[in-house]
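Asker: here you go, sequence then predicted model.
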Amino acid sequence: MKKLLTAEFRHETDRFCPEPADMAAYKLRCFVDGAGFVRTFRNIKNEPGAFIDFFGERDDIELIPVLGMEAMPSGPVTEDVYEYARTRILNALREVKPDGVLLALHGAMVAEGGHDDAEGDLIADVRGIVGNKIPIVVTLDLHANVTPKMAAMADALVIYENYPHTDMYETGLVGAQIMDGALSGRVWPTIGYHRIPYLLPMFPTELPEIKEFEDLCKEYEAKDGVLCCRLAHGFFPSDIEEMGMSVVAVTDNDPAYAQKIADTIGDLIWEKRTQLVRHFPTLDEALAMIDEPHTEKGPLVIADASDNPGGGGLCDTTHLLRSILEKGITGVAFAFIRDPESVRKCVSAGAGADVDLMLGGMSDPAFSGGPLPVRAHVISLHEGFYWNQDEMNQYARSRLGLTAVVEIAGNKVLVTSNRPQPFDAEVFRSVGIMPERQKALVVKSAVHYRNSYRKFARKLVEVNLPGYVVPVADGLTFRNWKNK
Ligand SMILES: [Zn+2]
């Protein structure tokens, strides 16, 4: 029986965010050992869930999970966390002596202790132990900053195709299939890699300006001898030297062909990069849409992209809510402001009470907008969790923590203790609000929310306000990026 070692260790690092990804942040989201890996991810539609489905019941291959670790995007991973995961994975390699290594990583992790290319360093360490004859297959997020080191040290890198990431599970399956082929001797994956030093805005893959390149990748992926061909968008808030977009093609034992594909697509994207820009309405324009005359059914959804907790936002900026209240707009349901202190006040007051709150805005006011003084009516109190119902990370649990739903001047606001990204409309249903029936919704999300909310919204609109994870790189000062 062949032994396949697997682990998940994930973080998307936003160097503009003041909170680190420490052990507490991992324990809040996901921190499990090998046994917990199967318990946690079985039947979840993500990469580890796919690995378990593909290899879990095989009698020729034994899947040996080491750990599963996820934290919400934030500032860098602390050194103790990185060393813990790295040491656990490397020790397991020495002990198990596997025939293959299948890792679910993100690709935009920065760790303290000098690991700007945290995944590249980790894959290199794995390679150092297993040598060149053992296949290393790694799945990555579409927002990976794929580095030359990652491409050199892995045998295959398989990147999500979709933003919103509705294909986490399918990406896991492709990684598993490549690994299965390598373990059985049917294929030997070889990588072609091309980096494009362009800082792409947060860009939904359904938009035609980028879809043409996604489609080109798909065309190559369908060709004989090509195991996968993917485009990584990169993640500029990581601010590392080698960030940006990249194309990774994986062929069956034909590195020259893989390189040719990656170069062909990469050169084309570079040539046409000026089409890859995004325009956002101003806050006033977006808010004016709430009460604009319309015939379509369903709410307007406004996404506060710059405070997206799925990119490093702390989910407590007050710019949008302040403006709604100042303009006297009503009928908005707002997900959400993370403010544990205000939640505690609501809990002490109890449902049905009125409370004075200094809501959100707890970090630097230049980013957060500062706390918002409000008189709030406590509608309901909740333990604060739900299971994602739509395609992205489907059936995984999101933890809001203790949550109060309050009414402020005719609007319903969720005030939470934690900050999962409210990309699934179940966040509203879980606290008794029917999202379909609201005039307008506000969500702290950049792009992921589109998948769930477009099913009933009359219109989706994203705004670019001050925050820790603005959706375009213009105007940011990078310390580490080398534009080459
Ligand atoms: Zn992503």
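Answerer: Sure, I can see it. Residues are numbered from 1 along each chain as shown.

Asker: phi, psi for the residue in the stretch 251-400 of the chain that the ion sits nearest to please.
Answerer: When scored by CB to the ion, the stretch 251-400 of the chain has residue 310 as its residue closest to the ion, at 7.4 Å. C-beta: built from backbone N, CA, C; applies to glycine. Residue 310 adopts backbone torsions of phi -80, psi 10, taken as degrees, to the nearest 10.

Asker: isn't it right next to residue 446, touching?
Answerer: Yes: Residue 310 is within contact range of residue 446, at 7.1 Å (criterion: CB atoms under 8 Å).

Asker: follow-up on the earlier one: and the residue of the stretch 251-400 of the chain closest to the ion, how many neighbours does it have?
Answerer: 23 (other CB atoms under 10 Å).

Asker: and if you look at residue 253?
Answerer: By other CB under 10 Å, the residues close to residue 253 number 12.

Asker: most centrally placed residue in the chain?
Answerer: For the chain, residue 310 is the residue whose C-alpha lies nearest the centre (CA atoms, centre = their mean; 5.3 Å).

Asker: for the one helix or strand residue 183 maps to, which outside residues touch it?
Answerer: Element membership of residue 183, judged by DSSP states H and E, is helix 168-184. Residues from elsewhere that reach helix 168-184 (CB atoms under 8 Å, 6 or more residues apart in numbering): 2, 4, 45-51, 53-55, 61, 99-100, 102, 104, 135, 137-139, 155-156, 158-161, 187-189, 227-228, 250, 252, 392-394.

Asker: and if you look at stretch 364-376?
Answerer: With CB under 8 Å, 6+ apart as the criterion, stretch 364-376 contacts 18, 314, 316-319, 321-322, 325, 346, 354-362, 406-409, 413, 466-468.

Asker: next: stretch 26-42.
Answerer: 6-8, 23, 48-49, 51-52, 56, 64-72, 81, 399, 418.

Asker: restricted to helices, list those.
Answerer: Members of the contacts of stretch 26-42 lying in helices (criterion: DSSP state H): 23, 48, 49, 51, 52, 81.

Asker: near the nearest residue to the second one once chain neighbours are set aside, how many other residues are there?
Answerer: Okay, so that is residue 48. Sequence neighbours aside, residue 41 is the residue nearest to residue 48 in space, at 3.8 Å (criterion: CB to CB, 6 or more residues apart in numbering). The tally of other residues near residue 41 (other CB under 10 Å) stands at 25.

Asker: over to residue 41: give its phi and psi.
Answerer: Dihedral angles (degrees, to the nearest 10) for residue 41: phi -100, psi -10.

Asker: for the residue in the chain positioned nearest to the ion, give me its contacts.
Answerer: Closest residue of the chain to the ion, CB to the ion: residue 143 (3.6 Å). By CB under 8 Å, 6+ apart, residue 143 lies in contact with 12, 106, 107, 108, 163, 232, 233, 234, 235.

Asker: check residue 116 too.
Answerer: Taking CB under 8 Å, 6+ apart as the test, what residue 116 contacts is 110, 240, 241, 480.

Asker: would the third one count as being in a strand?
Answerer: When you say that, I think you mean residue 241. No: per DSSP: H, G, I helix; E, B strand; the rest coil, residue 241 lies outside any strand segment and is coil.

Asker: residues in contact with it?
Answerer: 116, 480, 481, 482.

Asker: and which of those is nearest residue 262?
Answerer: Checking these against residue 262 with CB to CB, the nearest one is residue 482 at 20.2 Å.

Asker: mind checking the SS state of that closest one?
Answerer: Classification of residue 482 using three-state DSSP returns coil.

Asker: who touches stretch 264-274?
Answerer: When contacts are defined by CB under 8 Å, 6+ apart, stretch 264-274 is touched by residues 194-196, 198, 213, 216-217, 220, 229, 231, 245-247, 249, 276.

Asker: which ones among those residues lie within strands?
Answerer: Among those, DSSP state E puts 194, 195, 196, 229, 231, 245, 246, 247, 249 in strands.

Asker: may I see the residues you listed arranged in CSV, with neighbour count as well?
Answerer: Converted to CSV, the ones in strands among the contacts of stretch 264-274 look like this (neighbours: other CB atoms under 10 Å):
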residue, neighbour count
194, 23
195, 23
196, 21
229, 26
231, 28
245, 26
246, 30
247, 28
249, 31
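
Asker: near the ion, which residues of this protein are found?
Answerer: Contact residues, the chain versus the ion (CB under 5 Å from the ion): 141, 143.

Asker: okay, and for the chain, where does confidence drop off?
Answerer: Along the chain, the model assigns pLDDT under 70 to residues 484.

Asker: before we move on, the earlier item: just the contacts of residue 143: which are in strands?
Answerer: residue 232.

Asker: domains of the chain?
Answerer: What automatic domain parsing lists as the domains of the chain is 2-275, 283-463.

Asker: got JSON lines for those domains, with distance to residue 476 too?
Answerer: What follows is those, written out as JSON lines (distance: least, CB to CB, whole Å):
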{"stretch": "domain 2-275", "distance to residue 476": "7"}
{"stretch": "domain 283-463", "distance to residue 476": "11"}
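
Asker: quick check: which element contains residue 102?
Answerer: Per DSSP H and E: strand 100-104 holds residue 102.

Asker: that strand vs helix 168-184, what angle?
Answerer: Between strand 100-104 and helix 168-184, the angle comes out at 170 degrees (axes from the mean of the first three to the mean of the last three CA atoms, to 10 degrees).

Asker: from residue 184, how far off is the residue lying closest to residue 216 once chain neighbours are set aside?
Answerer: In space, and not counting its chain neighbours, residue 216 is closest to residue 265: 5.7 Å by CB to CB, 6+ apart. Distance, residue 265 to residue 184, by CB to CB, to the nearest Å: 29 Å.

Asker: the two: which has the busier surroundings?
Answerer: The neighbour comparison of residue 265 against residue 184 (other CB under 10 Å) goes to residue 265, with 24 against 11.

Asker: against residue 473, how distant is that one?
Answerer: 22 Å.

Asker: that older thread, show me what contacts the nearest residue to the residue of the chain closest to the ion once chain neighbours are set aside?
Answerer: In this structure, residue 143 finds its nearest non-sequential neighbour in residue 235, 4.1 Å apart by CB to CB, 6+ apart. The neighbourhood of residue 235, defined by CB under 8 Å, 6+ apart, consists of 12, 13, 14, 108, 143, 144, 145, 243, 311.

Asker: the same query, at a cut-off of 10 Å, please.
Answerer: Each residue near residue 235 by CB atoms under 10 Å, 6 or more residues apart in numbering is listed here: 12-14, 73, 106-110, 141-145, 199-200, 202, 243-244, 311-312, 469.

Asker: and for residue 459?
Answerer: By CB under 10 Å, 6+ apart, residue 459 lies in contact with 289, 292, 294, 296, 298, 299, 300, 301, 302, 440.

Asker: cutoff 6 Å now
Answerer: residue 300 (CB atoms under 6 Å, 6 or more residues apart in numbering).
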